[in-house]
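[1] I would like to see how this sequence folds:
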Amino acid sequence: MNMVFLPETINSPGLYFLDLGILLGGLGVVFFGKIIYSALFLGIVFVCVALLYLLLNADFLAAAQILIYVGAINVLIVFAIMLVNKPENETTQKKRTFGDILSGISVLGLFLFLIIMILNTTWIQNSSLNPELENSFQSVDIIGIHLLTDLLLPFELLSILLLVALVGAITIARKEIGPKIDKN
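    Got it, this is the predicted structure:
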């Protein structure tokens, strides 16, 4: 199986564009007040991550990202938001609490810690890998064979578990609170 590797001049601008899309999409998820907008921005983040996988020549991960995260999880989140149908009061202003400030400081500290760890880590270069092994890491055929032989039972059990969870969530969301009493 021949792998087509994009030259560095094509990877660089695309990488920066996708990183910017992931960053702005993540900020949109966090800072938008309406939850439906946050869910849509989460979909944008998932699509940008899938395109990033394509730039890294991981076509199976890109397809799985689109099918699972965009096609299933993000759609499930949007359906859950639509089922709840909670009216939003836009005139209410939420005041910042001590917990909000503490969590903001914690997230900023974790972000800085991760940046420091990334900069101090020595990364393995692709040239040090054996070229024969490099193709076997990228093979969709090997992943497909393992999914349909060794991992078939866990894969099917997981799909049944997700189906039961979805049916249970719909049942709970559609259940009436109690009998309606008509006072006429």
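
[2] what's the residue nearest the centre of the chain in contact with, if anything?
    Geometric centre of the chain, nearest residue: residue 46, 4.9 Å, by CA atoms, centre = their mean. Residue 46 makes contact with 65, 66, 69, 70, 73, 74 under the criterion CB atoms under 8 Å, 6 or more residues apart in numbering. C-betas here are computed from N, CA, C, even on glycine.

[3] Which parts of this structure are helices?
    8-31, 35-55, 59-64, 75-84, 98-120, 131-137, 140-148, 152-174 (DSSP state H).

[4] Mind putting these into CSV with mean pLDDT?
    As requested, these are exported to CSV (pLDDT from 0 to 100):
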stretch, mean pLDDT
helix 8-31, 83
helix 35-55, 90
helix 59-64, 85
helix 75-84, 80
helix 98-120, 87
helix 131-137, 53
helix 140-148, 75
helix 152-174, 80
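
[5] which one of those helices is the most hemmed in?
    Among those, helix 35-55 has the highest mean neighbour count (mean count of other CB atoms under 10 Å), at a mean of 18.

[6] hey, C-alpha coordinates of it in PDB?
    Extracted in PDB, the C-alpha atoms of helix 35-55 (Å, rounded to 0.1, in the frame of the first residue of the first chain):
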ATOM      1  CA  ILE A  35     -26.000  25.800  24.600                       C
ATOM      2  CA  ILE A  36     -27.000  25.100  21.000                       C
ATOM      3  CA  TYR A  37     -24.300  27.400  19.700                       C
ATOM      4  CA  SER A  38     -21.800  25.600  21.900                       C
ATOM      5  CA  ALA A  39     -22.900  22.300  20.400                       C
ATOM      6  CA  LEU A  40     -22.500  23.600  16.900                       C
ATOM      7  CA  PHE A  41     -19.000  25.000  17.700                       C
ATOM      8  CA  LEU A  42     -18.100  21.600  19.100                       C
ATOM      9  CA  GLY A  43     -19.000  20.100  15.700                       C
ATOM     10  CA  ILE A  44     -16.600  22.600  14.100                       C
ATOM     11  CA  VAL A  45     -13.900  21.500  16.500                       C
ATOM     12  CA  PHE A  46     -14.500  17.800  15.600                       C
ATOM     13  CA  VAL A  47     -14.400  18.500  11.900                       C
ATOM     14  CA  CYS A  48     -11.100  20.400  12.200                       C
ATOM     15  CA  VAL A  49      -9.600  17.600  14.200                       C
ATOM     16  CA  ALA A  50     -10.600  15.100  11.500                       C
ATOM     17  CA  LEU A  51      -9.000  17.400   8.900                       C
ATOM     18  CA  LEU A  52      -5.900  17.500  11.100                       C
ATOM     19  CA  TYR A  53      -5.800  13.700  11.000                       C
ATOM     20  CA  LEU A  54      -5.900  13.800   7.200                       C
ATOM     21  CA  LEU A  55      -2.900  16.200   7.200                       C
END
